[in-house]
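> take this sequence and fold it.
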Amino acid sequence: MPVDYSKFDKVGDSDDDTAAPARPHQPPQQEARAAAAPVASDDSRAEIDKLKAAKRKAREEREQREAAAAAAGGGEPAAVPPPAAPTPAPTDEVVESEPLALLRRAEAIKEELATGMATFEEALTSGEAELKDISTMNGLVGKLQGLLDSVSLGDLEEGAERDDARARRKGLNSFVEEAMPALSSLRSKAAAAK
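Got it, this is the predicted structure:
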């Protein structure tokens, strides 16, 4: 469908000299996005430039180390071997149901989170703790909650397997309830230590 551009003001045709030049209609999402686009200040631009310079310097140092290692090692750097072909799964293996597989993944995340919290506490006492580690652990808590929300025990048969899965999920939920305030406390301690 052809657009009739004669409806739009041309620059200088308006009685108001301060009016912006007219442009074709934009969908409301684009207008909102354009209005909400942040404008970088000089301070943030300087900060970005500093970060870029630091990354560039780190990359140059890494390349120099690799070149030195290659020269000391007899020439070219060692080639990275191609990834191994995936091995086919055995056909006589018992297939785990989806709720049990989700619980197993959730338990692995729980262990990773518990280890991360213990490591962070040790780093906090030695003064090497970083707040980004808390953010990572908060992300793991969110991932764990998402997995627990997606576990549907209704798919399991009645009996011991379902009761066991229910107990596992209950334990994971109680861990999440305890981990949230513990992470908040660790974040406060880390912020106070800085």
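> show me what counts as buried in stretch 99-114.
99-100, 102-103, 106-107, 109-110, 113 (16 or more other CB atoms under 10 Å). (C-beta placed from N, C-alpha, C; glycine too.)
> next one: stretch 164-182
Here stretch 164-182 shows 165, 168-169, 172, 175-176, 179 as buried, counting by 16+ other CB under 10 Å.
> contacts for that stretch, please.
99-100, 103, 106-107, 110, 113-114, 117, 137, 141, 144-145, 148, 151, 153, 156 (CB atoms under 8 Å, 6 or more residues apart in numbering).
> re the thing from before, which ones among the buried residues of stretch 164-182 map onto helices?
With helices taken from DSSP state H, the overlap with the buried residues of stretch 164-182 comprises 165, 168-169, 172, 175-176, 179.
> thinking again about what came up before, how about the buried residues of stretch 164-182 in a markdown table, adding distance to Ile48 and pLDDT?
Formatted as a markdown table, the buried residues of stretch 164-182 follow (distance: CB to CB, whole Å; pLDDT from 0 to 100):
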| residue | distance to Ile48 | pLDDT |
| --- | --- | --- |
| Ala165 | 49 | 85 |
| Arg168 | 46 | 89 |
| Arg169 | 45 | 88 |
| Leu172 | 41 | 91 |
| Phe175 | 39 | 91 |
| Val176 | 37 | 90 |
| Ala179 | 34 | 90 |
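> all set now, cheers.
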